[in-house]
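In: 3D, please:
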Amino acid sequence: MSKTIGIDLGTTNSCVAYIEGGEPTVIVSSDGSRTTPSVVAFSKNGERMVGQVAKRQAITNSARTVSSIKRQMGSDYRVQIDGKSYTPQEISAMILQKLKTDAEAFLGETVTDAVITVPAYFTDAQRQATKDAGTIAGLNVKRIINEPTAAALAYGIDKEAPQKIMVYDLGGGTFDVSILDISADVVEVLATAGNNHLGGDDFDQCVTDYLVDHFRASTGIDLTGDAVAMQRVREAAEKAKIELSGLMTTTVNLPFLTMDASGPKHMEITLTRAKFDEMTRYLVDSTMGPLQQALKDSGLTAAQISKVLMVGGSSRIPAVQEAVKRFLGKEPFKGVNPDECVAMGAAIQGGVMTGDVKSLVLLDVTPMSLGVETVGNVFAKLIDRNTTLPVEKSQIFTTASSFQTAVEIHVLQGESEMASRNRTLGRFRLEGIRRSMRGKPQIEVTFAIDSNGIVNVSAKDLDTGNRQQIVITNSGNMSPEDVERAQREAAQYLLEDKRRKADSALRDRADALIFRGESLAGKLSREDAGRIEKPLKEVKKLKDGKNPAKLKDACDRLEEMLNYADKADGAYDTKFTK
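Out: Alright, predicted model coming up:
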């Protein structure tokens, strides 16, 4: 049986892990890193780059580079590159495809099954979009689990003493807090809360705005219209944020950032941790509300929390750790790697499903309440937030007007009592209701949420037996046909990528043979040098052409001739040497 990998599909960085000997192990990427930047780029000739190589060229190719796409999951946002439109699912699939390829190279076998994590506060549309991205990448997504839950799995797999923990997960683009009850073989989520649009990107933006404003004040130059300069400033802002987690002061030094009539202009600005804390205080404070909400929903007090796990790169910010310490009255626990524990937890869940990890049960919850709109813009809840998954609940509704033959079911997710203030998941119509006075028809609406947190809704007329299920129409999710098309394109790209790599390797081989032939030619007799001359010219001629088959044949012939000239010890064969 092939391995089931666990994937943390992050806003800034992604990570992949698997189970080896019952323990989670992080898979090292092709460039030797344990995490992969969640960055996708396109070269001018259409070649795709993912990960570190994409991030490195972002400054010179900012218009064709995409980052933080996770923030757009489940929306109708589109990335426009060279006249082609890409959905967030398609961009995410490119990242997942890279992780899949790295895992296959690391494990030496084909990988198809995966468990993928999402922020606990992701909506149904965002969860479905993540699953679609996995499908496009050629993965069988066996389970979607919440990131804080995955982190708790990574922490709690070897814990014997029952304990209640809080997971504070501040990633690149999202924030979640979950409270879990961990016993020897059960990890139960008691409550979760969060903000899908709060993360390290927002801290970076604060620093970016400060640097741009400071530069404008000192030089009179507005950098916001210069894409290349802004990309350099953004990267410097992220670096400064990271450095200030360990230092009290850092200097942002960007030479030749721009120029005016007087010549080139350089940026050199000193940033202190105190200033950073001041400009980002409102972001840190905004994480305290969900913290309070999760604690209240769990029915626990701060004193009953055994440990606070800090997850996500931005949880390293000293002001964040201090705020958590003040709120709970205890030091945050630093015994887990915030960049890797989520992927490791996903791998553990994959191990549970394949039998590699024994006697572990995960009980997750739905992050938000679900229900339907009723007369007067009222939100009728069927499933309350923090209900353990999977769950199925039904409720009877009736018609608002006499002689109605159809009703529209407006499905919503949120906490407001007013329907218009909650998030629409979709609408569908139940038709064929018998004409009768209002209040008489009995319409049973059923919500079913699976273990992935994905919602299915149906409505049934108990009189006629007519039944209809939801079709999401407004989420920006891709249709099954769109997913299939994107899957074919992704598979085609993989073939093209392999061809490009093979062509590149062949040209590298040709260059090496040309160098070897030219170095050797001066050491041979005229007659023997003549034997190498013809295949050497042929390789030079074909090297930059578009016929790899002919180039390979020419390289083979040249290599054969050159090998006659070399002995195993590096000396030259007597019939060739002078």
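In: my guess is T112 meets S2, correct?
Out: Yes - under the contact definition of CB atoms under 8 Å, T112 touches S2, with a separation of 6.2 Å. For every residue, glycine as well, the C-beta is placed using N, CA and C.
In: Mutual contacts of those two, please.
Out: Here T112 and S2 have no joint contacts, going by CB atoms under 8 Å, 6 or more residues apart in numbering.
In: And the helices in the stretch 301-450 of the chain?
Out: 318-328, 341-354 (DSSP state H, counting those that start in this stretch).
In: Buried deepest among the ones you listed, which one?
Out: By mean neighbour count, with neighbours taken as mean count of other CB atoms under 10 Å, helix 341-354 ranks first of these at a mean of 28.
In: export that one as CSV, just CAs?
Out: Once non-C-alpha atoms are left out, helix 341-354 reads as follows in CSV (Å, rounded to 0.1, in the frame of the first residue of the first chain):
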residue,chain,number,x,y,z
CYS,A,341,3.7,20.4,13.4
VAL,A,342,0.6,20.9,11.2
ALA,A,343,1.9,18.7,8.4
MET,A,344,3.0,16.1,10.9
GLY,A,345,-0.5,16.0,12.5
ALA,A,346,-2.0,15.6,9.0
ALA,A,347,0.4,12.7,8.4
ILE,A,348,-0.8,11.1,11.7
GLN,A,349,-4.4,11.4,10.6
GLY,A,350,-3.4,9.7,7.4
GLY,A,351,-1.7,7.0,9.4
VAL,A,352,-4.9,6.5,11.4
MET,A,353,-6.8,6.0,8.2
THR,A,354,-4.3,3.5,6.8
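In: Need the helices of the stretch 301-450 of the chain in TSV (columns: distance to F403 and mean pLDDT).
Out: Shown next, in TSV, are those (distance: least, CB to CB, whole Å; pLDDT from 0 to 100):
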stretch	distance to F403	mean pLDDT
helix 318-328	57	95
helix 341-354	51	92
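In: Mind checking these for the one nearest to R64?
Out: Of all those, it is helix 341-354 that lies closest to R64, at 28.0 Å by CB to CB.
In: and the closest residue to S62 other than its chain neighbours, what helix or strand is that in?
Out: Closest residue in space to S62, ignoring its immediate chain neighbours: Q231 at 4.4 Å, by CB to CB, 6 or more residues apart in numbering. Here Q231 sits within helix 227-243, counting by DSSP states H and E.
In: From the contact counts, what lies against the helix or strand that that helix is followed by?
Out: Remark: after helix 227-243, the chain's next helix or strand is strand 249-260, criterion DSSP H and E. On a contact count with 3 or more CB pairs under 8 Å, 6 or more residues apart in numbering; DSSP states H and E, strand 249-260 meets helix 200-219, helix 227-243, strand 263-272.
In: partners of strand 249-260, with directions?
Out: Strand 249-260 pairs in its sheet with strand 263-272 (antiparallel), by DSSP bridges.
In: can you pull the buried residues of the strand it pairs with?
Out: Neighbour-count burial for strand 263-272 flags 265, 267, 269, 271 (criterion: 16 or more other CB atoms under 10 Å).
In: now swap in stretch 27-37 and tell me
Out: Those would be 27, 29, 34-37, for stretch 27-37 by 16+ other CB under 10 Å.
In: Also stretch 277-294?
Out: 277, 280, 283-284, 287, 290-291, 293-294.
In: what's the span of that stretch from first residue to last?
Out: Stretch 277-294 stretches 25 Å from its first residue to its last (CA to CA, to the nearest Å).
In: Output the helix holding Q231 as CSV, restricted to C-alpha atoms.
Out: Extracted in CSV, the C-alpha atoms of helix 227-243 (Å, rounded to 0.1, in the frame of the first residue of the first chain):
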residue,chain,number,x,y,z
ALA,A,227,6.1,47.2,-8.9
VAL,A,228,9.7,46.1,-8.8
ALA,A,229,10.6,48.5,-6.0
MET,A,230,7.5,47.5,-4.0
GLN,A,231,8.4,43.9,-4.3
ARG,A,232,11.8,44.6,-2.9
VAL,A,233,10.3,46.6,0.0
ARG,A,234,7.8,43.8,0.8
GLU,A,235,10.5,41.2,0.9
ALA,A,236,12.6,43.5,3.2
ALA,A,237,9.6,44.1,5.4
GLU,A,238,9.1,40.3,5.9
LYS,A,239,12.7,39.8,6.7
ALA,A,240,12.7,42.7,9.2
LYS,A,241,9.6,41.2,10.9
ILE,A,242,11.5,37.9,11.2
GLU,A,243,14.7,39.5,12.5
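In: Give the other helices and strands that that helix contacts.
Out: So helix 227-243, by 3+ CB pairs under 8 Å, 6+ apart, packs with helix 200-219, strand 249-260, strand 263-272.
In: 7 Å instead?
Out: For helix 227-243, the packing partners by 3 or more CB pairs under 7 Å, 6 or more residues apart in numbering; DSSP states H and E come out as helix 200-219, strand 249-260.
In: on contacts alone, who are the packing partners of the first one?
Out: Other elements packing on helix 200-219 under the criterion 3+ CB pairs under 7 Å, 6+ apart are helix 227-243, strand 263-272, helix 273-285.
In: Need the phi and psi values for R435.
Out: phi -70, psi 120 (degrees, to the nearest 10).
In: go on, the one 5 residues further on?
Out: The phi and psi torsions at K440 (degrees, to the nearest 10) take the values phi -90, psi -50.
In: one step back: deepest of the helices and strands packed on helix 227-243, which one?
Out: For the helices and strands packed on helix 227-243, where neighbours mean mean count of other CB under 10 Å, the stretch averaging the most is helix 200-219, with a mean of 19.
In: which residues touch that helix?
Out: 11-12, 68, 171-173, 221-224, 233-234, 237-238, 240-241, 252, 265, 267, 269, 276, 279-280, 283, 313-314, 317 (CB atoms under 7 Å, 6 or more residues apart in numbering).
In: can you list the weak-confidence ranges in the stretch 201-350 of the chain?
Out: For the stretch 201-350 of the chain, no stretch has pLDDT under 70.
In: ok so, going back, can I get the helices and strands packed on helix 200-219 in CSV with distance to D339?
Out: Listed next are those as CSV, based on distance: least, CB to CB, whole Å:
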stretch, distance to D339
helix 227-243, 12
strand 263-272, 24
helix 273-285, 20
